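Visitor: Build the 3D model from these lines:
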Amino acid sequence: MMGFMITCPACGKENADSASECRRCRAPLREEAPPAQEAASPSGFGEVCRRCEAYNEPGTKVCTNCGLALIPGEGGEPPLDKTPEQPFAPPAEEAASDHTPPDGTPSVADELSALALSPEEAAEAGISSARSGAPAFDKTPAQPYKPPPAAAEKICSNCGAANPPAAKFCFDCGTPFIAKKKPSSEPPPTIQVAADLIDEESTSEAAPVADEEAVDAESVAEPIEEEAPPPFQASLIVEKGSAPGTAFALEHLENSLGSAGTQIELADDAFIAPHAATVLFAEDRLVVRDEGSANGVFVKVRETAPLEAGDLFIAGERLFRYDGPFDLEHGPESDTPFLGAPRPPGVATVRITEVLAGGKTGRTCHRSGPVIAIGKTGCDLNFPGDSLLAARHAEIRLGEEESATLADLGQGPAGVFLRVKGTMDLQAGDILQIGEQQIRVEVG
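Guide: Down below sits the predicted model:
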């Protein structure tokens, strides 16, 4: 069963009916202090100091730890008033102890008490608001913040463009900014030679050296071998591509062709490697060499050209690969044979594969010959949508001992092109295809 509660008149905290002071602010809850015999613990236990919470033996009236009277109104402390509890201050005997410096300088306790005084009262008491050596607070108003001046922009010496101060290269033309070296304030080091290392004979004046004959620099320098001129005149003319009619003279014994960094640049074609081919003079012959790029170099077939397994050739807009002889595998035998198209008659069967953009495989054709035709209609491989193909455009003719020949029937304007393997001799009027460019060879 809960007893009655007493509300503290100072802070409003509710306390037990038997409490003599507020447990929050320590303010007395009764007008008169209870007699000593009533405040003492009837059970004979000691008292716990309400300030430092130290335990004291029974019958002790003043705390043995902090000196506070355990029973209000007794001991060396005046009775508690009804004001809230003040911050702890040492007893009078402690304040007057030997902690005051001998030179009369205010003690730490005096300085702490000065914090609660006004500046005029602290000045009358002789207590400074700050310890000696600490600067006083400046009462002048704060100045507005001024940002540091911005660094000057860098002006490019090449194009005159303005750049940020931290730029290392011009943002317009790419010219680098060269940092200026700061002159060193230290003098250059001097070399000192010990006196015992100096040879008197070496320091004496040397006899004059006779003037030597002037040497011609041209006689001493090694002769530079000049490149021999081509044995005959030849040039390459662009017939189809980004710049039709452009002529490139073959001025060197070896002339490189590619998209960048070559003597003959065809930079507007994305299908040309940086160095795709080389046209060179070999005595009295003109030779083209494929440098092994992905798309390679093709030469237009004059009439016929031998084919080997793996050769690539172009007919119209199509790229084909001749795979050579190919054995068709038979499926596993079963009670019911698998239905399908009839197999090509004959023993020797070859395969021709259409190569799509990106190197993917398109249509394949398995034939036994003797002739495999390619065109728009009526052929073994028909492509009616190819505008550059004739009705019967090219043939692959199979011979004895697995030999094959590629023939241009001359019916279409585009012709047939065979990829160069290694090197191939050129003649006047030959057409080269590199990427999407067709180039004619002219001699003389």
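Visitor: What separation do you get for L381 and P244?
Guide: As judged by CB to CB, to the nearest Å, L381 and P244 stand 30 Å apart. The C-beta positions use only the backbone N, C-alpha and C, and glycine is treated the same way.
Visitor: of these two, who's got more company?
Guide: Neighbours around L381 and P244, counted as other CB atoms under 10 Å, are more numerous at L381. The numbers are 21 against 11.
Visitor: After the helix or strand of the chain with the lowest mean pLDDT, which helix or strand is next?
Guide: Lowest on mean pLDDT, DSSP states H and E among the helices and strands of the chain sits helix 36-39, with a mean of 44. Going down the chain from helix 36-39, the next helix or strand is strand 47-48, by DSSP states H and E.
Visitor: That following strand: partners in the sheet, and parallel or antiparallel?
Guide: Strand 47-48 pairs in its sheet with strand 55-56 (antiparallel), by DSSP bridges.
Visitor: if you average pLDDT over the strand it pairs with, what comes out?
Guide: Averaged across strand 55-56, pLDDT comes to 83.
Visitor: which other residues reach it?
Guide: Residues from elsewhere that reach strand 55-56, judged by CB atoms under 8 Å, 6 or more residues apart in numbering: 46-49, 63-64, 70.
Visitor: wait, doesn't I439 sit right on G429?
Guide: No - here I439 does not reach G429: they are 11.8 Å apart, not a contact under CB atoms under 8 Å.
Visitor: Please identify which of these two sits among more neighbours.
Guide: More crowded of I439 and G429, by other CB under 10 Å: I439, with 24 against 11.
Visitor: contacting residues around that one?
Guide: 236-239, 241, 431-433.
Visitor: All the helices of the stretch 151-300 of the chain, in order from the start?
Guide: Secondary structure of the stretch 151-300 of the chain by DSSP state H, counting those that start in this stretch: the helices cover 200-203, 217-220.
Visitor: can I get the contacts of strand 55-56 in a markdown table with pLDDT?
Guide: Putting those into a markdown table (pLDDT from 0 to 100) gives the following:
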| residue | pLDDT |
| --- | --- |
| G46 | 78 |
| E47 | 83 |
| V48 | 85 |
| C49 | 86 |
| C63 | 86 |
| T64 | 83 |
| L70 | 80 |
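Visitor: and of those residues, the nearest to C156?
Guide: Looking at the contacts of strand 55-56 and their distance to C156, the nearest is C49, at 82.7 Å (CB to CB).
Visitor: Give me the neighbour count for that closest one.
Guide: Residues within reach of C49, counting by other CB under 10 Å, total 19.
Visitor: ok, now how distant is it from V287?
Guide: From C49 to V287 the distance is 115 Å (CB to CB).
Visitor: If M5 is in a bridge, with which residues?
Guide: M5 has the following beta-bridge partners by DSSP bridges: A16.
Visitor: try T361
Guide: Note on T361: beta-bridge partners V355, judged by DSSP bridges.
Visitor: pLDDT at it, what is it?
Guide: Looking at T361, its pLDDT stands at 91.
Visitor: okay, now A69: neighbour count?
Guide: 19.
Visitor: A394: what's it in contact with?
Guide: Per CB under 8 Å, 6+ apart, neighbours of A394: 313, 315, 373-375, 406-409, 416.
Visitor: if you set the cut-off to 6 Å instead, what comes out?
Guide: 315, 374, 408, 416 (CB atoms under 6 Å, 6 or more residues apart in numbering).
Visitor: partner residues bridging the spatially closest residue to the last one that is not a sequence neighbour?
Guide: Going back to what we said before, that points to V416. Leaving out its chain neighbours, the residue that sits closest to V416 by CB to CB, 6 or more residues apart in numbering is D408, at 4.1 Å. Note on D408: beta-bridge partners A394, judged by DSSP bridges.
Visitor: was I right about D408 contacting F417?
Guide: No - between D408 and F417 there is no contact under CB atoms under 6 Å: 9.2 Å.
Visitor: where does the stretch 301-444 of the chain dip in pLDDT?
Guide: Where the stretch 301-444 of the chain drops to pLDDT under 70, the residues are 329-332, 343-348.
Visitor: could you pull out the strands for it?
Guide: Assigned by DSSP state E, counting those that start in this stretch, the stretch 301-444 of the chain shows strands spanning 304-307, 311-315, 318-325, 350-355, 361-367, 371-375, 381-382, 394-398, 404-408, 416-419, 423-426, 431-434, 437-443.
Visitor: What strands line up against the shortest one, and which way round?
Guide: Which is strand 381-382. For strand 381-382, the paired strands and their directions (DSSP bridges) are strand 371-375 (parallel).
Visitor: now the strand it pairs with against strand 311-315, angle please.
Guide: 40 degrees (axes from the mean of the first three to the mean of the last three CA atoms, to 10 degrees).
Visitor: now strand 371-375 and strand 394-398, what's the angle there?
Guide: Counting by the same axes, to 10 degrees, strand 371-375 lies at 170 degrees to strand 394-398.
Visitor: start the count at 171, not 1, going forward
Guide: From this message on, residue numbering opens at 171, which makes the last subject strand 541-545.
Visitor: can you list contacts of strand 541-545?
Guide: The contact list for strand 541-545 (CB under 6 Å, 6+ apart) reads 485, 549-551, 559-567.
Visitor: For I544, see how far away the residue lying closest to I484 once chain neighbours are set aside is.
Guide: Nearest non-adjacent residue to I484, counting by CB to CB, 6+ apart: F587, 4.2 Å away. Separation of F587 from I544 (CB to CB): 13 Å.
Visitor: In terms of neighbours, single out the busier of these two.
Guide: Neighbours per residue (other CB under 10 Å) separate F587 from I544, with I544 holding more: 28 against 23.
Visitor: Show me the beta-bridge partners of that one.
Guide: Going by DSSP bridges, I544 forms beta bridges with L551, A564.
Visitor: Report the two of the contacts of I609 separated the most.
Guide: Between all members of these, the farthest pair (by CB to CB) comes out as I407 and Q603, at 13.6 Å.
Visitor: Between those two, tell me which one has more neighbours.
Guide: The residue with more neighbours, out of I407 and Q603, is Q603; 23 against 15, by other CB under 10 Å.
Visitor: wait, the more buried one sits on F587?
Guide: Yes - the pair Q603 / F587 is scored as a contact, 5.1 Å apart, by CB under 6 Å.
Visitor: Whichever of the contacts of strand 225-226 end up buried, select them in ChimeraX.
Guide: Buried subset of those, written as a ChimeraX selection, criterion 16 or more other CB atoms under 10 Å:
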select :217,219,233,240
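Visitor: Out of the contacts of strand 225-226, the closest to P495 would be?
Guide: V218 (112.2 Å).
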